[in-house]
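Engineer: Need a 3D model of the sequence below.
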Amino acid sequence: MQIILRGTAAGYEAEHTARIFFPGAEKAPQVPAAGDFVLAVSHAQTDFVLLRRGGGLRWRSALRAPGADAEYALCSLLYSLLKEQTGQQPPWGMMTGVRPVRIIHDLRAMGATEQQVEDRFLRHFACSPQKFALAREIADRQRPLLDAADPMDCSVYAGIPFCPTRCSYCSFVSRTVGDKATQALVQPYVDALCRELTEIRALADRCGLRIRTFYIGGGTPTSLSAAQLEQLMGHIAATFDLGGLAEYTVEAGRPDCTDAEKLRILKQYGATRISINPQTFSDQVLRNIGRRHTAQDIIDCFAAARAAGHDNINMDLIAGLPGDTVEGFAGSLEQAVALDPENITVHTLTLKRASNLVVEHRAADYDDVAAMLERCTLLQRAGYAPYYLYRQKGTLQNLENIGWSKPGRECLYNIYIMEEVHTILSAGAGGSTKLVIPGKRHGKIERIFNFKYPTEYIDRFAEILDRKRRVEDFYEHYAAQKAGQP
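Structural biologist: Numbers count the residues shown, from 1 in each chain. Modelled structure (predicted):
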């Protein structure tokens with residue numbers, strides 16, 4: 001399937017509206033002589049959409065109402081044609097954004113009534129009542145946490161782009177620590193990361209920012225050696241006021257590189273929340289995705305974490321992994337619940353071009369994914385509640401990822417970064433610092449990117465620090481505006 005767009009209103013939204021129904025579709029400059037395609041054309045006052053599929057042609061045209069949103073009118077016409085011709089009922093309707101919950105927060109901040117919020121989802125986006133109810137429940141749960149945030153709060157993220165092996169579904173920039181070339185990079189990388197974190201602390205102080213949460217992610221942070229992990233954690237403890245943090249998370253993701261000593265280090269140096277991420281408790285599915293450990297290894301790692309004193313643990317599961325079934329996924333949910341972690345995050349498999357996973361793009365292959373997510377009702381019965389939600393392009397059946405937690409155990413960092421309510425200062429290869437105007441739900445967001453790969457990060461480290469000066473420029477400009485200066 002190819003996507004052809006014509007006209008000023010035929011852009012990103014129209015392209016991704018087509019991909020709701022045809023996830024593997026590619027944008028093309030011209031109508032192909034043969035094969036399937038979607039065409040969307042926006043004229044000055046009319047819209048035209050056409051689908052060629054299996055040799056048959058179907059089309060619609062419409063006169064646009066005066067003053068109507070041209071982009072939305074075209075997407076709505078395209079959505080109605082593709083829905084009719086494919087027989088699909090997308091649960092999120094024609095919504096292409098990744099942050100449905102933020103829409104609710106923003107509408108409320110602008111003074112919208114609850115009926116107007118509901119109409120936005122059910123009528124404007126054609127979202128299902130069930131998905132809207134889920135998004136509203138999460139928004140309601142987040143609201144007091146967001147209202148309590150100070151305008152000058154921020155979070156710090158430190159990235160470790162190394163893993164023991166690469167999972168087949170993974171698209172993150174990470175290198176396996178088993179090869180000699182990568183091993184030679186790890187120590188210089190940790191040294192550079194510590195230096196960048198020192199600069200971030202100084203930047204935060206100069207800008208008057210209060211660091212609210214700290215998150216070490218990856219990759220897999222525990223793929224570092226125990227000595228390297230202790231160096232990093234010790235440096236953070238010496239550089240930052242850990243007592244002032246509301247939350248300090250470290251991803252201890254995989255049991256094949258997370259042992260009792262590393263769990264002790266995480267606890268000793270101040271981590272208040274960790275993730276141990278099974279993805280599945282099926283040994284066969286673990287083998288299918290390239291993991292070199294068993295389900296029992298996950299269970300043993302969890303027990304070791306509890307023994308080390310960790311009392312706030314998250315576990316990730318993925319619906320739709322190769323070879324999994326509805327009953328198999330339900331079994332993974334049941335096993336996770338039996339371990340009794342404080343958080344369980346349920347992702348829907350996302351097909352990324354940068355991953356090694358090869359899956360044929362046929363809707364029939366994914367019929368079970370929605371049924372897998374329906375089994376998450378057992379999390380509610382076990383006392384977990386959904387607290388954050390996001391969507392990704394390429395996710396099976398255009399579904400979602402949801403974080404579940406026990407009462408009072410919501411991960412603040414996950415909420416802050418997803419709802420974009422405050423600045424995230426990011427360190428490490430591939431890091432993306434996100435600068436948010438304090439107290440502005442609709443204000444300008446600026447980004448500062450680090451180099452993507454560890455070698456570039458190390459070799460061009462001086463440029464990384466130079467880019468970070470833009471953080472001060474951003475807050476100086478904000479302070480000047482606040483004072484009424486030009």
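
Engineer: ranges for the helices of the stretch 351-486 of the chain?
Structural biologist: Remark: helices assigned in the stretch 351-486 of the chain by DSSP state H, counting those that start in this stretch are 367-374, 377-381, 412-419, 454-459, 461-482.

Engineer: any chance of those helices in CSV, with mean neighbour count too?
Structural biologist: Using the backbone N, CA and C atoms, a C-beta is placed for each residue, glycine as well. What follows is the helices of the stretch 351-486 of the chain, written out as CSV (neighbours: other C-beta atoms under 10 Å):
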stretch, mean neighbour count
helix 367-374, 18
helix 377-381, 12
helix 412-419, 22
helix 454-459, 19
helix 461-482, 15
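
Engineer: closest to Val250 out of the ones you listed?
Structural biologist: Set against Val250 and scored by C-beta to C-beta, the helices of the stretch 351-486 of the chain come closest in helix 412-419, at 11.3 Å.

Engineer: Would you mind writing the CA trace of that closest one as PDB?
Structural biologist: The C-alpha coordinates for helix 412-419 follow below in PDB (Å, rounded to 0.1, in the frame of the first residue of the first chain):
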ATOM      1  CA  LEU A 412       6.000  10.600  38.700                       C
ATOM      2  CA  TYR A 413       8.700  10.700  36.000                       C
ATOM      3  CA  ASN A 414       6.400   8.800  33.600                       C
ATOM      4  CA  ILE A 415       3.600  11.200  34.200                       C
ATOM      5  CA  TYR A 416       5.800  14.300  33.900                       C
ATOM      6  CA  ILE A 417       7.500  13.200  30.700                       C
ATOM      7  CA  MET A 418       4.400  12.000  29.000                       C
ATOM      8  CA  GLU A 419       2.200  15.100  29.800                       C
END
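
Engineer: and Ala65, what is it in contact with?
Structural biologist: Ala73 (C-beta atoms under 8 Å, 6 or more residues apart in numbering).

Engineer: Kindly state the pLDDT recorded for it?
Structural biologist: Per-residue confidence (pLDDT) for Ala65: 89.

Engineer: and it, that's in a helix?
Structural biologist: No. Counting by DSSP: H, G, I helix; E, B strand; the rest coil, Ala65 is located in no helix; its state is coil.

Engineer: how close does it sit to Ser76?
Structural biologist: Between Ala65 and Ser76 the computed distance is 11 Å (C-beta to C-beta, to the nearest Å).

Engineer: for Asp368, same thing?
Structural biologist: From Asp368 across to Ser76, the span is 30 Å (C-beta to C-beta).

Engineer: The residue nearest the centre of the chain pairs with what?
Structural biologist: Geometric centre of the chain, nearest residue: Tyr390, 6.2 Å, by C-alpha atoms, centre = their mean. Going by DSSP bridges, Tyr390 is paired in beta bridges with Asn401.

Engineer: ok, it - contacts?
Structural biologist: Val98, Arg99, Glu400, Asn401, Met418.

Engineer: which one's the longest helix in this structure?
Structural biologist: Longest helix of the chain, by residue count under DSSP state H: helix 180-207.

Engineer: That one: what's the following helix or strand?
Structural biologist: For helix 180-207, the following helix or strand on the C-terminal side (DSSP states H and E) is strand 210-218.

Engineer: tell me the mean pLDDT over the helix or strand just after that next one?
Structural biologist: Sequence order places helix 226-239 as the next helix or strand after strand 210-218, per DSSP H and E. The average pLDDT within helix 226-239 is 97.

Engineer: Given the next helix or strand after helix 226-239, what are its sheet partners and their directions?
Structural biologist: Going down the chain from helix 226-239, the next helix or strand is strand 247-251, by DSSP H and E. According to DSSP bridges, strand 247-251 forms sheet pairs with strand 210-218 (parallel), strand 273-275 (parallel).

Engineer: follow-up on the earlier one: from the contacts of Tyr390, list the buried ones, please.
Structural biologist: Arg99, Glu400, Asn401, Met418 (16 or more other C-beta atoms under 10 Å).

Engineer: and these as JSON lines, adding distance to Ser128 and pLDDT?
Structural biologist: Below are the buried ones among the contacts of Tyr390 laid out as JSON lines (distance: C-beta to C-beta, whole Å; pLDDT from 0 to 100):
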{"residue": "Arg99", "distance to Ser128": "18", "pLDDT": "92"}
{"residue": "Glu400", "distance to Ser128": "12", "pLDDT": "94"}
{"residue": "Asn401", "distance to Ser128": "17", "pLDDT": "96"}
{"residue": "Met418", "distance to Ser128": "21", "pLDDT": "90"}
